[in-house]
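Q: Sequence unavailable; structure follows:
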(Lines give C-alpha, C1' and ligand atoms only; values in the text may rest on other atoms or scores of the structure.)
Protein backbone atom coordinates (compact mmCIF):
# COMPACT_ATOMS: atom_id res chain seq x y z
CA UNK A 1 0.00 0.00 0.00
CA UNK A 2 1.33 3.41 -0.84
CA UNK A 3 1.14 6.50 1.29
CA UNK A 4 1.68 10.10 0.24
CA UNK A 5 3.20 12.45 2.79
CA UNK A 6 3.91 16.16 2.36
CA UNK A 7 6.93 17.38 4.27
CA UNK A 8 7.89 21.06 4.43
CA UNK A 9 11.60 21.64 4.13
CA UNK A 10 13.62 24.83 3.90
CA UNK A 11 16.60 23.34 2.11
CA UNK A 12 16.93 20.36 -0.15
CA UNK A 13 19.72 18.39 1.54
CA UNK A 14 22.45 16.87 -0.60
CA UNK A 15 21.70 13.21 -1.25
CA UNK A 16 24.22 10.39 -0.96
CA UNK A 17 24.39 10.22 -4.75
CA UNK A 18 24.82 13.98 -5.04
CA UNK A 19 27.65 14.13 -2.50
CA UNK A 20 29.53 11.34 -4.28
CA UNK A 21 29.12 13.04 -7.65
CA UNK A 22 30.30 16.39 -6.27
CA UNK A 23 33.44 14.94 -4.68
CA UNK A 24 34.65 13.18 -7.81
CA UNK A 25 37.46 14.48 -9.98
CA UNK A 26 36.70 14.89 -13.68
CA UNK A 27 36.66 11.49 -15.38
CA UNK A 28 36.74 10.39 -19.04
CA UNK A 29 32.98 9.85 -18.78
CA UNK A 30 32.47 13.49 -17.73
CA UNK A 31 34.50 14.63 -20.73
CA UNK A 32 32.61 12.37 -23.13
CA UNK A 33 29.22 13.54 -21.84
CA UNK A 34 30.30 17.18 -22.11
CA UNK A 35 31.48 16.61 -25.70
CA UNK A 36 28.23 14.93 -26.79
CA UNK A 37 26.13 17.67 -25.20
CA UNK A 38 28.34 20.34 -26.78
CA UNK A 39 27.96 18.88 -30.28
CA UNK A 40 24.18 18.86 -29.89
CA UNK A 41 24.28 22.47 -28.75
CA UNK A 42 26.41 23.34 -31.80
CA UNK A 43 23.55 22.43 -34.12
CA UNK A 44 21.12 24.18 -31.79
CA UNK A 45 23.05 27.45 -32.18
CA UNK A 46 23.30 26.80 -35.94
CA UNK A 47 19.49 26.57 -36.09
CA UNK A 48 18.91 29.49 -33.73
CA UNK A 49 20.90 31.85 -35.94
CA UNK A 50 19.77 30.45 -39.29
CA UNK A 51 16.66 32.53 -39.93
CA UNK A 52 18.29 35.81 -38.93
CA UNK A 53 21.42 35.16 -40.99
CA UNK A 54 19.51 34.53 -44.23
CA UNK A 55 16.58 36.84 -43.53
CA UNK A 56 17.43 39.25 -46.36
CA UNK A 57 17.76 36.33 -48.78
CA UNK A 58 14.36 34.92 -47.78
CA UNK A 59 12.85 38.37 -48.04
CA UNK A 60 14.13 38.60 -51.62
CA UNK A 61 13.24 35.03 -52.73
CA UNK A 62 9.71 35.03 -51.33
CA UNK A 63 9.04 38.77 -51.75
CA UNK A 64 8.26 39.04 -48.05
CA UNK A 65 6.54 42.12 -46.76
CA UNK A 66 7.40 43.52 -43.34
CA UNK A 67 4.82 41.32 -41.55
CA UNK A 68 5.97 38.06 -43.18
CA UNK A 69 9.61 38.78 -42.31
CA UNK A 70 8.73 39.41 -38.68
CA UNK A 71 6.68 36.19 -38.55
CA UNK A 72 9.52 34.12 -40.02
CA UNK A 73 11.96 35.54 -37.47
CA UNK A 74 9.50 35.16 -34.59
CA UNK A 75 7.99 31.74 -35.44
CA UNK A 76 10.98 29.68 -34.32
CA UNK A 77 11.07 31.50 -30.97
CA UNK A 78 7.34 30.98 -30.38
CA UNK A 79 7.94 27.27 -30.97
CA UNK A 80 10.85 27.41 -28.52
CA UNK A 81 8.57 28.94 -25.90
CA UNK A 82 6.32 25.87 -26.08
CA UNK A 83 9.24 23.44 -26.30
CA UNK A 84 10.95 24.85 -23.21
CA UNK A 85 7.78 24.40 -21.15
CA UNK A 86 6.67 20.99 -22.41
CA UNK A 87 9.98 19.17 -22.76
CA UNK A 88 11.32 20.58 -19.50
CA UNK A 89 8.36 18.99 -17.76
CA UNK A 90 8.94 15.72 -19.64
CA UNK A 91 12.59 15.74 -18.52
CA UNK A 92 11.56 15.94 -14.85
CA UNK A 93 8.83 13.30 -15.19
CA UNK A 94 10.38 10.76 -17.58
CA UNK A 95 14.10 11.48 -17.59
CA UNK A 96 16.68 13.76 -19.17
CA UNK A 97 17.78 11.20 -21.76
CA UNK A 98 14.28 10.56 -23.11
CA UNK A 99 13.56 14.28 -23.41
CA UNK A 100 16.82 14.74 -25.34
CA UNK A 101 15.80 12.15 -27.93
CA UNK A 102 12.35 13.70 -28.39
CA UNK A 103 13.64 17.25 -28.86
CA UNK A 104 16.30 16.21 -31.37
CA UNK A 105 13.84 14.16 -33.44
CA UNK A 106 11.38 17.07 -33.60
CA UNK A 107 13.78 19.75 -34.73
CA UNK A 108 15.70 17.50 -37.11
CA UNK A 109 12.53 16.45 -38.93
CA UNK A 110 10.94 19.87 -39.24
CA UNK A 111 14.17 21.62 -40.19
CA UNK A 112 14.44 19.20 -43.10
CA UNK A 113 10.85 19.95 -44.11
CA UNK A 114 11.70 23.67 -43.99
CA UNK A 115 14.25 23.12 -46.76
CA UNK A 116 11.36 22.32 -49.13
CA UNK A 117 9.33 25.42 -48.31
CA UNK A 118 7.37 26.57 -51.41
CA UNK A 119 6.05 29.72 -49.73
CA UNK A 120 6.17 31.86 -46.61
CA UNK A 121 3.36 30.00 -44.84
CA UNK A 122 5.15 26.63 -45.11
CA UNK A 123 8.40 28.19 -43.87
CA UNK A 124 6.70 29.86 -40.90
CA UNK A 125 4.96 26.61 -39.84
CA UNK A 126 8.07 24.43 -40.17
CA UNK A 127 10.22 26.97 -38.31
CA UNK A 128 7.60 27.04 -35.55
CA UNK A 129 7.57 23.22 -35.26
CA UNK A 130 11.37 23.00 -35.41
CA UNK A 131 11.44 25.60 -32.65
CA UNK A 132 9.54 23.26 -30.31
CA UNK A 133 12.51 20.90 -30.46
CA UNK A 134 15.17 23.62 -30.47
CA UNK A 135 13.62 25.36 -27.47
CA UNK A 136 14.33 22.49 -25.11
CA UNK A 137 17.94 21.88 -26.15
CA UNK A 138 19.67 24.46 -23.97
CA UNK A 139 17.59 23.95 -20.85
CA UNK A 140 17.95 20.16 -21.08
CA UNK A 141 21.70 20.46 -21.67
CA UNK A 142 22.20 22.84 -18.75
CA UNK A 143 20.18 20.67 -16.37
CA UNK A 144 21.87 17.45 -17.47
CA UNK A 145 25.39 18.83 -17.07
CA UNK A 146 24.50 20.39 -13.70
CA UNK A 147 23.26 16.94 -12.64
CA UNK A 148 26.37 14.95 -13.61
CA UNK A 149 29.33 17.33 -13.13
CA UNK A 150 31.20 17.88 -9.83
CA UNK A 151 30.33 21.16 -8.11
CA UNK A 152 33.84 22.64 -8.23
CA UNK A 153 34.27 22.00 -11.97
CA UNK A 154 30.66 22.51 -13.08
CA UNK A 155 31.13 26.00 -14.46
CA UNK A 156 34.25 25.19 -16.47
CA UNK A 157 32.77 22.13 -18.17
CA UNK A 158 29.42 23.73 -18.96
CA UNK A 159 31.46 26.57 -20.48
CA UNK A 160 33.39 23.96 -22.51
CA UNK A 161 30.11 22.59 -23.87
CA UNK A 162 29.09 26.08 -24.97
CA UNK A 163 32.51 26.78 -26.47
CA UNK A 164 31.86 23.82 -28.77
CA UNK A 165 28.28 24.98 -29.25
CA UNK A 166 29.04 28.49 -30.37
CA UNK A 167 31.24 27.32 -33.19
CA UNK A 168 27.82 26.82 -34.80
CA UNK A 169 27.23 30.57 -35.05
CA UNK A 170 30.16 31.46 -37.34
CA UNK A 171 29.53 28.11 -39.06
CA UNK A 172 26.07 29.24 -40.17
CA UNK A 173 27.47 32.65 -41.16
CA UNK A 174 30.21 31.25 -43.36
CA UNK A 175 28.00 28.46 -44.71
CA UNK A 176 25.50 31.13 -45.77
CA UNK A 177 28.25 33.24 -47.30
CA UNK A 178 29.35 30.20 -49.33
CA UNK A 179 25.98 28.69 -50.27
CA UNK A 180 23.62 31.67 -50.70
CA UNK A 181 25.10 32.80 -54.06
CA UNK A 182 25.05 29.17 -55.35
CA UNK A 183 22.45 26.60 -56.37
CA UNK A 184 24.06 23.14 -55.83
CA UNK A 185 22.18 20.45 -57.80
CA UNK A 186 19.78 23.17 -58.94
CA UNK A 187 18.55 23.78 -55.37
CA UNK A 188 18.73 27.24 -53.78
CA UNK A 189 21.75 27.57 -51.52
CA UNK A 190 19.75 28.71 -48.50
CA UNK A 191 17.74 25.46 -48.58
CA UNK A 192 20.96 23.48 -48.14
CA UNK A 193 21.51 25.30 -44.84
CA UNK A 194 18.32 23.75 -43.47
CA UNK A 195 19.46 20.33 -44.71
CA UNK A 196 22.85 20.71 -42.98
CA UNK A 197 21.16 21.59 -39.67
CA UNK A 198 18.74 18.68 -39.96
CA UNK A 199 21.34 16.04 -40.83
CA UNK A 200 23.69 17.27 -38.10
CA UNK A 201 21.02 16.97 -35.43
CA UNK A 202 20.14 13.48 -36.71
CA UNK A 203 23.76 12.41 -36.12
CA UNK A 204 23.60 13.86 -32.60
CA UNK A 205 20.40 11.87 -31.96
CA UNK A 206 22.37 8.68 -32.62
CA UNK A 207 25.19 9.80 -30.29
CA UNK A 208 22.77 10.70 -27.50
CA UNK A 209 21.15 7.28 -27.48
CA UNK A 210 24.27 6.22 -25.56
CA UNK A 211 24.00 8.90 -22.87
CA UNK A 212 23.59 7.68 -19.32
CA UNK A 213 20.56 8.88 -17.41
CA UNK A 214 21.23 11.49 -14.75
CA UNK A 215 22.05 9.70 -11.46
CA UNK A 216 20.67 12.64 -9.50
CA UNK A 217 17.38 12.41 -11.39
CA UNK A 218 17.20 8.65 -10.83
CA UNK A 219 17.80 9.14 -7.10
CA UNK A 220 15.11 11.84 -6.93
CA UNK A 221 12.68 9.35 -8.51
CA UNK A 222 13.48 6.71 -5.91
CA UNK A 223 15.43 4.61 -8.44
CA UNK A 224 18.43 4.47 -6.13
CA UNK A 225 19.84 1.14 -7.31
CA UNK A 226 20.12 2.39 -10.91
CA UNK A 227 21.74 5.62 -9.70
CA UNK A 228 24.13 3.63 -7.54
CA UNK A 229 25.29 1.50 -10.48
CA UNK A 230 25.99 4.56 -12.65
CA UNK A 231 27.88 6.40 -9.91
CA UNK A 232 29.88 3.26 -9.09
CA UNK A 233 30.93 3.04 -12.74
CA UNK A 234 32.04 6.68 -12.69
CA UNK A 235 33.94 6.05 -9.44
CA UNK A 236 35.85 3.19 -11.09
CA UNK A 237 37.20 5.73 -13.55
CA UNK A 238 37.79 8.36 -10.88
CA UNK A 239 39.51 6.01 -8.40
CA UNK A 240 41.05 3.18 -10.46
CA UNK A 241 43.31 1.99 -7.59
CA UNK A 242 40.53 1.82 -5.03
CA UNK A 243 38.78 -1.51 -4.38
CA UNK A 244 35.29 -1.56 -5.86
CA UNK A 245 33.76 -2.35 -2.46
CA UNK A 246 35.08 0.88 -0.92
CA UNK A 247 32.92 3.95 -1.45
CA UNK A 248 34.65 7.34 -1.72
CA UNK A 249 32.06 8.92 0.59
CA UNK A 250 31.39 7.18 3.86
CA UNK A 251 27.80 6.30 4.60
CA UNK A 252 27.69 8.49 7.70
CA UNK A 253 28.77 11.60 5.75
CA UNK A 254 26.92 10.98 2.53
CA UNK A 255 23.68 12.64 3.51
CA UNK A 256 20.22 11.12 3.80
CA UNK A 257 19.14 8.05 1.88
CA UNK A 258 17.00 8.92 -1.12
CA UNK A 259 13.25 8.42 -0.57
CA UNK A 260 11.21 6.09 -2.74
CA UNK A 261 10.16 9.07 -4.87
CA UNK A 262 10.02 12.84 -4.65
CA UNK A 263 7.26 14.79 -6.32
CA UNK A 264 7.07 18.50 -6.84
CA UNK A 265 4.37 20.66 -8.34
CA UNK A 266 4.96 23.29 -11.00
CA UNK A 267 3.68 26.01 -8.69
CA UNK A 268 6.49 25.18 -6.26
CA UNK A 269 8.74 27.58 -8.21
CA UNK A 270 6.95 30.32 -6.24
CA UNK A 271 7.05 28.39 -2.95
CA UNK A 272 9.07 29.11 0.16
CA UNK A 273 12.76 29.56 -0.59
CA UNK A 274 12.10 29.79 -4.34
CA UNK A 275 10.11 32.95 -4.91
CA UNK A 276 12.95 35.48 -5.16
CA UNK A 277 15.08 33.15 -7.28
CA UNK A 278 12.22 32.65 -9.71
CA UNK A 279 11.41 36.36 -10.02
CA UNK A 280 15.10 37.20 -10.63
CA UNK A 281 15.48 34.46 -13.23
CA UNK A 282 12.31 35.42 -15.07
CA UNK A 283 13.41 39.07 -15.28
CA UNK A 284 16.89 37.89 -16.30
CA UNK A 285 15.59 35.63 -19.09
CA UNK A 286 13.22 38.24 -20.53
CA UNK A 287 15.93 40.90 -20.71
CA UNK A 288 18.94 38.77 -21.67
CA UNK A 289 17.65 37.92 -25.14
CA UNK A 290 17.24 41.61 -25.98
CA UNK A 291 21.01 41.91 -25.93
CA UNK A 292 21.91 38.45 -27.13
CA UNK A 293 19.42 37.71 -29.91
CA UNK A 294 18.88 41.42 -30.61
CA UNK A 295 22.28 41.38 -32.27
CA UNK A 296 22.42 37.81 -33.59
CA UNK A 297 18.99 37.96 -35.23
CA UNK A 298 19.12 41.50 -36.58
CA UNK A 299 22.80 42.00 -37.47
CA UNK A 300 22.25 41.57 -41.26
CA UNK A 301 19.32 44.01 -41.09
CA UNK A 302 21.49 46.53 -39.23
CA UNK A 303 24.28 46.24 -41.81
CA UNK A 304 21.70 46.62 -44.61
CA UNK A 305 20.44 49.78 -42.92
CA UNK A 306 23.98 51.15 -43.24
CA UNK A 307 23.70 50.75 -47.03
CA UNK A 308 25.52 47.47 -47.70
CA UNK A 309 24.23 44.70 -50.01
CA UNK A 310 23.03 41.23 -49.07
CA UNK A 311 26.28 39.30 -49.68
CA UNK A 312 28.44 42.00 -48.07
CA UNK A 313 26.09 42.05 -45.09
CA UNK A 314 26.34 38.28 -44.66
CA UNK A 315 30.15 38.54 -44.92
CA UNK A 316 30.38 41.23 -42.22
CA UNK A 317 28.02 39.21 -40.03
CA UNK A 318 30.01 35.98 -40.50
CA UNK A 319 33.25 37.70 -39.48
CA UNK A 320 31.55 39.27 -36.47
CA UNK A 321 30.19 35.86 -35.44
CA UNK A 322 33.76 34.57 -34.94
CA UNK A 323 33.58 36.28 -31.56
CA UNK A 324 31.03 33.74 -30.30
CA UNK A 325 33.35 30.73 -29.80
CA UNK A 326 36.22 33.02 -28.75
CA UNK A 327 34.04 34.53 -26.02
CA UNK A 328 33.02 31.11 -24.74
CA UNK A 329 36.68 30.04 -24.65
CA UNK A 330 37.58 33.18 -22.66
CA UNK A 331 34.96 32.22 -20.09
CA UNK A 332 36.71 28.89 -19.35
CA UNK A 333 39.46 30.13 -17.00
CA UNK A 334 37.27 32.61 -15.12
CA UNK A 335 33.83 31.05 -14.75
CA UNK A 336 34.73 29.06 -11.60
CA UNK A 337 37.09 31.70 -10.17
CA UNK A 338 34.67 34.62 -9.86
CA UNK A 339 31.13 34.85 -8.61
CA UNK A 340 28.68 34.13 -11.45
CA UNK A 341 26.45 37.16 -10.93
CA UNK A 342 29.47 39.49 -11.02
CA UNK A 343 30.59 38.03 -14.35
CA UNK A 344 27.06 38.31 -15.73
CA UNK A 345 26.85 42.01 -14.85
CA UNK A 346 30.37 42.83 -16.11
CA UNK A 347 29.87 41.11 -19.47
CA UNK A 348 26.46 42.80 -19.89
CA UNK A 349 28.13 46.20 -19.40
CA UNK A 350 30.78 45.32 -22.02
CA UNK A 351 28.01 44.35 -24.47
CA UNK A 352 26.40 47.76 -23.99
CA UNK A 353 29.62 49.58 -24.91
CA UNK A 354 30.43 47.37 -27.92
CA UNK A 355 26.85 47.56 -29.21
CA UNK A 356 26.86 51.34 -29.28
CA UNK A 357 30.21 51.23 -31.09
CA UNK A 358 28.71 48.86 -33.70
CA UNK A 359 25.70 51.13 -34.13
CA UNK A 360 27.82 54.15 -35.04
CA UNK A 361 30.61 52.34 -36.93
CA UNK A 362 31.03 53.95 -40.36
CA UNK A 363 33.46 51.63 -42.16
CA UNK A 364 33.58 47.87 -42.87
CA UNK A 365 36.62 47.46 -40.60
CA UNK A 366 34.90 49.13 -37.64
CA UNK A 367 31.64 47.26 -38.28
CA UNK A 368 33.47 43.92 -38.15
CA UNK A 369 35.67 44.96 -35.20
CA UNK A 370 32.80 46.15 -32.99
CA UNK A 371 30.66 43.21 -34.11
CA UNK A 372 33.44 40.82 -33.10
CA UNK A 373 33.87 42.47 -29.69
CA UNK A 374 30.11 42.44 -29.16
CA UNK A 375 29.75 38.73 -29.92
CA UNK A 376 32.85 37.94 -27.83
CA UNK A 377 31.41 39.75 -24.80
CA UNK A 378 27.96 38.31 -25.39
CA UNK A 379 29.32 34.77 -25.23
CA UNK A 380 31.20 35.34 -22.02
CA UNK A 381 27.79 36.56 -20.84
CA UNK A 382 25.98 33.58 -22.35
CA UNK A 383 28.33 30.88 -21.03
CA UNK A 384 28.22 32.25 -17.49
CA UNK A 385 24.45 32.74 -17.73
CA UNK A 386 23.84 29.10 -18.67
CA UNK A 387 25.89 27.94 -15.68
CA UNK A 388 24.09 30.39 -13.37
CA UNK A 389 20.62 29.34 -14.50
CA UNK A 390 21.42 25.64 -14.11
CA UNK A 391 22.30 26.11 -10.42
CA UNK A 392 19.08 27.66 -9.13
CA UNK A 393 16.67 24.75 -8.52
CA UNK A 394 16.75 21.29 -6.89
CA UNK A 395 17.04 18.21 -9.09
CA UNK A 396 13.40 17.11 -8.97
CA UNK A 397 12.13 20.32 -10.61
CA UNK A 398 15.29 21.65 -12.25
CA UNK A 399 14.23 21.07 -15.86
CA UNK A 400 10.61 22.17 -15.31
CA UNK A 401 11.54 25.34 -13.43
CA UNK A 402 14.45 26.24 -15.70
CA UNK A 403 12.28 25.47 -18.72
CA UNK A 404 9.66 27.93 -17.51
CA UNK A 405 12.32 30.65 -17.20
CA UNK A 406 13.81 29.79 -20.60
CA UNK A 407 10.36 29.82 -22.16
CA UNK A 408 9.97 33.48 -21.22
CA UNK A 409 13.26 34.24 -22.94
CA UNK A 410 11.92 32.62 -26.12
CA UNK A 411 8.69 34.62 -25.91
CA UNK A 412 10.76 37.76 -25.48
CA UNK A 413 12.91 36.76 -28.48
CA UNK A 414 9.76 36.21 -30.57
CA UNK A 415 8.69 39.77 -29.77
CA UNK A 416 12.06 41.27 -30.74
CA UNK A 417 11.42 41.64 -34.49
CA UNK A 418 8.12 43.41 -33.78
CA UNK A 419 9.75 45.75 -31.25
CA UNK A 420 13.26 46.33 -32.59
CA UNK A 421 12.74 46.34 -36.36
CA UNK A 422 10.38 49.36 -36.21
CA UNK A 423 12.96 51.16 -34.03
CA UNK A 424 15.68 50.35 -36.57
CA UNK A 425 13.52 51.40 -39.53
CA UNK A 426 12.34 54.64 -37.95
CA UNK A 427 15.31 55.80 -35.89
CA UNK A 428 18.37 53.85 -37.06
CA UNK A 429 21.00 51.62 -35.41
CA UNK A 430 21.84 54.12 -32.65
CA UNK A 431 18.33 54.08 -31.20
CA UNK A 432 18.15 50.30 -31.60
CA UNK A 433 21.28 49.76 -29.50
CA UNK A 434 20.07 52.38 -27.03
CA UNK A 435 17.07 50.12 -26.32
CA UNK A 436 19.38 47.09 -26.03
CA UNK A 437 21.71 48.96 -23.65
CA UNK A 438 18.81 49.95 -21.38
CA UNK A 439 17.65 46.32 -21.17
CA UNK A 440 21.15 45.07 -20.30
CA UNK A 441 21.59 47.76 -17.64
CA UNK A 442 18.34 46.70 -15.98
CA UNK A 443 19.44 43.05 -16.14
CA UNK A 444 22.82 43.76 -14.53
CA UNK A 445 21.22 45.72 -11.69
CA UNK A 446 18.66 42.97 -11.01
CA UNK A 447 21.28 40.20 -10.82
CA UNK A 448 23.72 42.19 -8.68
CA UNK A 449 21.10 43.40 -6.19
CA UNK A 450 18.81 40.37 -5.96
CA UNK A 451 20.63 37.37 -7.46
CA UNK A 452 21.97 34.49 -5.37
CA UNK A 453 25.63 33.48 -5.01
CA UNK A 454 26.08 30.04 -6.59
CA UNK A 455 29.73 29.53 -7.54
CA UNK A 456 30.96 26.14 -6.28
CA UNK A 457 27.77 25.39 -4.33
CA UNK A 458 26.15 21.91 -4.53
CA UNK A 459 23.09 21.93 -6.79
CA UNK A 460 21.38 19.58 -4.32
CA UNK A 461 21.71 22.15 -1.55
CA UNK A 462 19.62 24.98 -3.01
CA UNK A 463 16.53 26.11 -1.07
CA UNK A 464 13.61 23.82 -1.75
CA UNK A 465 9.80 23.98 -1.59
CA UNK A 466 7.58 21.66 0.42
CA UNK A 467 8.22 18.14 -0.86
CA UNK A 468 5.74 15.33 -1.44
CA UNK A 469 7.31 12.01 -0.52
CA UNK A 470 5.74 8.87 -1.93
CA UNK A 471 6.63 6.01 0.38
CA UNK A 472 5.56 2.39 0.56
CA UNK A 473 4.11 0.77 3.65
CA UNK A 474 3.52 -2.94 3.85
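A: Done, it's in. Quick caveat: nothing in here was measured; it's all calculated off a predicted structure.
Q: burial count for residue 130?
A: Counted with other C-beta atoms under 10 Å, residues neighbouring residue 130 total 31. All C-beta spots, glycine's among them, are computed from the backbone N, C-alpha and C.
Q: sec struct for it, please.
A: Per DSSP: H, G, I helix; E, B strand; the rest coil, the secondary structure class of residue 130 is helix.
Q: start at 55 instead
A: Yes, from this point I'll number from 55; that puts the last item at residue 184.
Q: Apart from its neighbours in sequence, what residue is nearest it?
A: Setting aside the residues directly before and after it, residue 184 is nearest to residue 164 in space (C-beta to C-beta, 6 or more residues apart in numbering), at 4.0 Å.
Q: so what's the residue nearest the centre of the chain up against?
A: Centroid-nearest residue in the chain: residue 192, 2.9 Å away (criterion: C-alpha atoms, centre = their mean). Counting by C-beta atoms under 8 Å, 6 or more residues apart in numbering, residue 192 makes contact with 95, 98, 440, 460.
Q: Count residues in the vicinity of the residue nearest to the third one when sequence neighbours are not counted, would you?
A: Distances taken as C-beta to C-beta, 6+ apart place residue 196 nearest to residue 440, at 5.2 Å, with adjacent residues excluded. Applying the criterion other C-beta under 10 Å, we find 27 residues in the vicinity of residue 196.
Q: buried sites along the helix or strand hosting residue 196?
A: Using DSSP states H and E, residue 196 sits within helix 174-202. For helix 174-202, a neighbour-count test (16 or more other C-beta atoms under 10 Å) marks 174, 177-202 as buried.
Q: what's the answer for stretch 387-401, then?
A: Within stretch 387-401, the residues scored as buried using 16+ other C-beta under 10 Å are 388-390, 393-401.
Q: quick check, nearest of those residues to residue 357?
A: Taking C-beta to C-beta as the measure, residue 401 is the one of the buried residues of stretch 387-401 closest to residue 357, at 23.5 Å.
Q: Report the separation between the closest one and residue 116.
A: From residue 401 across to residue 116, the span is 37 Å (C-beta to C-beta, to the nearest Å).
Q: elements contacting the helix or strand following the helix holding residue 196?
A: Using DSSP H and E, the helix or strand that follows helix 174-202 towards the C-terminus is helix 208-219. Helices and strands touching helix 208-219, by 3 or more C-beta pairs under 8 Å, 6 or more residues apart in numbering; DSSP states H and E, are helix 82-102, helix 174-202, helix 377-385, helix 418-444.
Q: Just the angle for the following helix or strand past the third one relative to helix 418-444, thanks.
A: Past helix 377-385, further along toward the C-terminus, the next helix or strand under DSSP H and E is helix 394-414. Between helix 394-414 and helix 418-444, the angle comes out at 160 degrees (axes from the mean of the first three to the mean of the last three C-alpha atoms, to 10 degrees).
Q: so how far is helix 394-414 off the chain centroid?
A: 19 Å (C-alpha atoms, centre = their mean, to the nearest Å).
Q: That helix packs against which elements?
A: Packed against helix 394-414 by the contact rule (3+ C-beta pairs under 8 Å, 6+ apart) you find helix 329-359, helix 418-444, helix 483-504.
Q: In a markdown table: those helices, plus mean neighbour count.
A: A markdown table is the format used below for those (neighbours: other C-beta atoms under 10 Å):
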| stretch | mean neighbour count |
| --- | --- |
| helix 329-359 | 22 |
| helix 418-444 | 24 |
| helix 483-504 | 19 |
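Q: one step back: the residue nearest to residue 184 against residue 183, yeah?
A: Yes. Assessed by C-beta atoms under 8 Å, residue 164 is found in contact with residue 183 at 4.0 Å.
Q: Show the contacting residues for residue 437.
A: Residue 437 neighbours (C-beta under 8 Å, 6+ apart): 212-213, 216-217, 381-382, 385, 389.
Q: Over to residue 375?
A: Contacts of residue 375 (C-beta under 8 Å, 6+ apart): 103, 223-224, 226-227, 350, 425, 429.
Q: ok, and for stretch 401-415, which residues are buried?
A: 401-406, 408-413, 415.
Q: remind me which residues of the stretch 205-354 of the chain are low pLDDT?
A: 297-321, 350-351 (pLDDT under 70).
Q: hey, where'd the strands end up in it?
A: 316-317 (DSSP state E, counting those that start in this stretch).
Q: Can you show me the helices along it?
A: 208-219, 222-233, 243-262, 269-274, 278-292, 329-359 (DSSP state H, counting those that start in this stretch).
Q: Could I get those helices in JSON lines, plus columns for distance to residue 159?
A: Formatted as JSON lines, those follow (distance: least, C-beta to C-beta, whole Å):
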{"stretch": "helix 208-219", "distance to residue 159": "19"}
{"stretch": "helix 222-233", "distance to residue 159": "19"}
{"stretch": "helix 243-262", "distance to residue 159": "6"}
{"stretch": "helix 269-274", "distance to residue 159": "20"}
{"stretch": "helix 278-292", "distance to residue 159": "24"}
{"stretch": "helix 329-359", "distance to residue 159": "25"}
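Q: for the ones you listed, which one sits closest to residue 366?
A: Closest approach to residue 366 among these (C-beta to C-beta): helix 329-359, 7.5 Å.
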